[in-house]
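1. Kindly return the folded structure for what I paste below:
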Amino acid sequence: MIDIDKTIDAFRLGAFDLDCTKMVLSQRAEGGRRFEGRGYIRQIEDGSLAFKLYVEKQENAGLQAIFEMLTGGRPGTLFSDDDLYDLTATAVDGTDWRAGRIAAPCPNWNMRDNTGVLGGRLYSIVAGPILPPAKPHSLRLHFFEEYELPAHVWSADANRPVQGMVCDRAEFAACGMQFSVKSRLGSGDTAVEVTADTEFPPAFDLRIQEAVQYITGKSAIWRARLETYQGMFILELASPRLKASHTQFKPPISRGSPEFHRHIWPLFEKFLTYVIANTEADGDDRQWNSIAYHLYMARESTAASIDAWAVGVSVAVEALVSVIKLPINPGVNGDWAVFRSRALEWLESQANFSESIKSRARGLIGSSADKGVKQTLRELAEMHRVDKKYVDAWDKLRNRHVHPKLADLRLPGSAEYRELFRLLWQVEMLLHQLTFHLIGYEGPFTDYSREALASGQYPLLESVEAAGRTCPDSP
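-> Reported below is the predicted structural model:
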């Protein structure tokens, strides 16, 4: 029987090695190719999972099919779902494993006697169902990275020569569930464990991953998942995904801030609540939350060139603003309704205009009262939800890097670089403030745009009289 903790630890160390008494590789198409035999699943040098199947039986897989696999399929075509393969395997200890959506198994084949070996990479493998769980609804994620997170629970440290204790875990309630987050220095891992009395929301592992990314300011992607399913455990091991290793994006509360230990987990709960409530769940689809996705893209861009960093955070601001809905002034909105009505009436009376021109004009007239990004940001600044100087910084950064003029393309000197970094830090703070507004967070945060790290309070004023005030509309 599989030892779950030893298996996860071997996978973290890059030493996962699974000998299989039976492996079946089946094409998804009806009547598709099928290969059966013994083999193994192992980790290769970069930590990814790979398999090798020594083919003993094959169906619907003649030499022509093998030749197509050798040449990479049919030229000029993309893989369809029917072209993909699924793998099932039974390990020596009797555990069943499976992997799906394998795009291009690579054959090493002897054409004379039609025998050979198939191999390929796997995105992830799943074992189960295994072992009845102690609790009906539980989930554990391992990230295989050490994140500096607030801890207040002490554990025995067996690695010390003399028996001692180490503070390496946080325990708290959030979203009606119990969380335990463990990250011990030198362990090479951060584990998030959740238990609940009811079923978890759809794709809950992704929602937790997004919340961990937010509070750490890192592109955290889980590598091992242990979750209850129909009264049993399911273990999934995932190959590493490509991501930037040295991002410059800062967490919303600095680890050096006195507020770090008191407010990170409430902030985690706020973000987690938001992504659960605002992510579409349709059947078995596993989707990113849109806000978490745009923050992820902005974060990844900070590891590239300064120009890529500027474009990434500027575009992310626009994406977050597009989700925010602010009150509309009824009087001004009524004036715009009259304008649209009269403009459309005049347009329809113009017989000399082609239908293509009229169609485009109708769209422009219909959207004439919509708030643009700049107007929404100005209103948020009046409501003390974002800092106006950070809005101005975004305007400068965006115009220079997303829509540059000829003067913007000159090579910058040291003074220009200092100004550019100041704008970058201010726009990142604008992203944090927009996120606070979206998730409904109120509390301390770290302002990285000042010369010395300073703590701020959100909303930006303790008493926000303007929050309930209707701001005038503008096209």
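2. CA atoms for contacts and neighbours, from now on please.
-> Fine.
3. gap between A191 and H403?
-> For A191, the distance to H403 (C-alpha to C-alpha, to the nearest Å) stands at 43 Å.
4. Which one of those two is surrounded by more residues?
-> Legend: neighbour count by other C-alpha atoms under 10 Å for A191 and H403, higher for A191 (21 against 10).
5. Find the nearest non-adjacent residue to that one, please.
-> H142 (4.5 Å; C-alpha to C-alpha, 6 or more residues apart in numbering).
6. what about S219, which SS state?
-> Assigned with DSSP: H, G, I helix; E, B strand; the rest coil, S219 falls in the coil class.
7. The closest residue to it other than its chain neighbours is in what secondary structure piece?
-> Leaving out its chain neighbours, the residue that sits closest to S219 by C-alpha to C-alpha, 6+ apart is Q213, at 5.5 Å. According to DSSP states H and E, Q213 maps onto helix 204-216.
8. Could you pull out the buried residues of that helix?
-> Judged by neighbour count using 16 or more other C-alpha atoms under 10 Å, the buried positions of helix 204-216 are 204-216.
9. Just the strands from the stretch 301-450 of the chain, written as ranges.
-> Secondary structure of the stretch 301-450 of the chain by DSSP state E, counting those that start in this stretch: the strands cover 443-447.
10. So what touches the helix holding Q213?
-> For helix 204-216, contacts defined as C-alpha atoms under 8 Å, 6 or more residues apart in numbering pick out 139, 141, 147-149, 219-222, 225, 250-253, 264, 267-269, 271-272, 275-276, 286, 288-289, 292, 296.
11. lowest confidence element among the helices and strands of this structure?
-> Using mean pLDDT, DSSP states H and E, helix 330-348 stands out as the lowest-scoring helix or strand of the chain, at a mean of 75.
12. hang on, the earlier thing: can you report how many residues lie near the residue nearest to A191?
-> 23.
13. contacting residues around it?
-> H142 neighbours (C-alpha under 8 Å, 6+ apart): 189-192, 222-225.
14. mind redoing it with 6 Å?
-> H142 sits next to 190-191, 222-224 when contact means C-alpha atoms under 6 Å, 6 or more residues apart in numbering.
15. Output the below-cut-off pLDDT ranges for the stretch 101-250 of the chain.
-> Where the stretch 101-250 of the chain drops to pLDDT under 70, the residues are 133-134, 158-163.
16. same for the top helix by length along the chain, what does it pack against?
-> Ordering each helix of the chain by length in residues (DSSP state H) puts helix 414-439 first. With contacts defined as 3 or more C-alpha pairs under 6 Å, 6 or more residues apart in numbering; DSSP states H and E, helix 414-439 has these neighbours: helix 260-277, helix 388-401.
17. Can I get the last one in PDB? Just the C-alpha atoms.
-> Spelled out, it's helix 388-401. This file holds the C-alpha atoms of helix 388-401, laid out as PDB (Å, rounded to 0.1, in the frame of the first residue of the first chain):
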ATOM      1  CA  LYS A 388      -4.300  60.200  -7.000                       C
ATOM      2  CA  LYS A 389      -0.500  60.500  -7.400                       C
ATOM      3  CA  TYR A 390      -0.400  56.800  -8.200                       C
ATOM      4  CA  VAL A 391      -3.100  57.300 -10.800                       C
ATOM      5  CA  ASP A 392      -1.000  60.000 -12.400                       C
ATOM      6  CA  ALA A 393       2.000  57.600 -12.300                       C
ATOM      7  CA  TRP A 394       0.000  55.000 -14.100                       C
ATOM      8  CA  ASP A 395      -1.000  57.500 -16.800                       C
ATOM      9  CA  LYS A 396       2.600  58.400 -17.400                       C
ATOM     10  CA  LEU A 397       3.900  54.900 -17.400                       C
ATOM     11  CA  ARG A 398       1.200  53.500 -19.600                       C
ATOM     12  CA  ASN A 399       1.500  56.300 -22.200                       C
ATOM     13  CA  ARG A 400       5.200  55.900 -22.400                       C
ATOM     14  CA  HIS A 401       5.400  52.100 -22.700                       C
END
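18. contacts for it?
-> Taking C-alpha under 6 Å, 6+ apart as the rule, helix 388-401 contacts 314, 381, 408, 423, 426-427, 430.
19. between that helix and helix 414-439, how many degrees?
-> Interaxial angle, helix 388-401 versus helix 414-439 (axes from the mean of the first three to the mean of the last three C-alpha atoms, to 10 degrees): 120 degrees.
20. next one: helix 388-401 to chain centre, how far?
-> 26 Å (C-alpha atoms, centre = their mean, to the nearest Å).
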